[in-house]
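Chemist: mind folding the following:
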Amino acid sequence: MNIQYERVAGLPAEPLAASFLHLLSSVFSRPEADLLAELHYQHARTPLLAELAIDPLHEQVVGCKLGYERKPGHFYSWLGCVDPTRRGQGIASELMRRQHDWCRDQGYHTIRTQTYNQWREMLILNLRFGFAITGTLQGPHGLTIVLEKSLR
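Modeler: Predicted structure coming up:
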């Protein structure tokens, strides 16, 4: 299967916007309207960068990785997911590589992310990519694991 990768400043436009929102909603089990409001809120605060994995045959977003500048030199990798039917094909790894390469090119030296223990595949991927667990926080859905990676 052929996957195309695309970088979008902000949120994707149609025809990809609907499948992007549907993907996030189905993976995170949240209503599309709530996610859309949260995405717009975050983008208004700090512009988002979206790395997208696209199935060109069906014009569908099958994976994504969103982030934004946390503070100068620090990037926050905020949301990411891959369609469950497309996992195990290296899509998440490629999205992460692309995000980290872009961050290096833009002069960022640190990336931070957070995850929950329930998302073990993401936790393991982050560890494989050189993230270190730097702490935990009590989040709205349980204990949040905080990870950071130096890009130097």
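
Chemist: check this protein for its longest strand and report it.
Modeler: Longest strand in the chain by number of residues, with DSSP state E as the criterion: strand 60-71.

Chemist: and for residue 81, nearest residue in space, chain neighbours not counted?
Modeler: What sits nearest to residue 81 in space, not counting adjacent residues and going by CB to CB, 6 or more residues apart in numbering, is residue 27, at 4.1 Å. All C-beta spots, glycine's among them, are computed from the backbone N, C-alpha and C.

Chemist: which pLDDT value belongs to that neighbour?
Modeler: We have a pLDDT of 94 for residue 27.

Chemist: if we can go back for a sec, which residues are in contact with the longest strand of the chain?
Modeler: With CB atoms under 8 Å, 6 or more residues apart in numbering as the test, strand 60-71 has contacts from 3, 12, 16, 19-20, 23-24, 39, 42, 46-55, 75-83, 86, 91-92, 95-96, 98-99, 103, 108, 111-112.

Chemist: filter those down to the buried ones, PyMOL style.
Modeler: The following PyMOL command selects only the buried members of the contacts of strand 60-71, with burial defined by 16 or more other CB atoms under 10 Å:
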select buried, resi 3+12+16+19+20+23+24+39+42+48+49+50+51+52+53+54+55+75+76+77+78+79+80+81+82+83+86+91+92+95+96+98+99+103+108+111+112
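
Chemist: and residue 82, what are its bridge partners?
Modeler: Using DSSP bridges, the bridge partners assigned to residue 82 are residue 63.

Chemist: from what I see, it and residue 93 are in contact.
Modeler: No. Using CB atoms under 8 Å, residue 82 is not in contact with residue 93, being 9.8 Å away.
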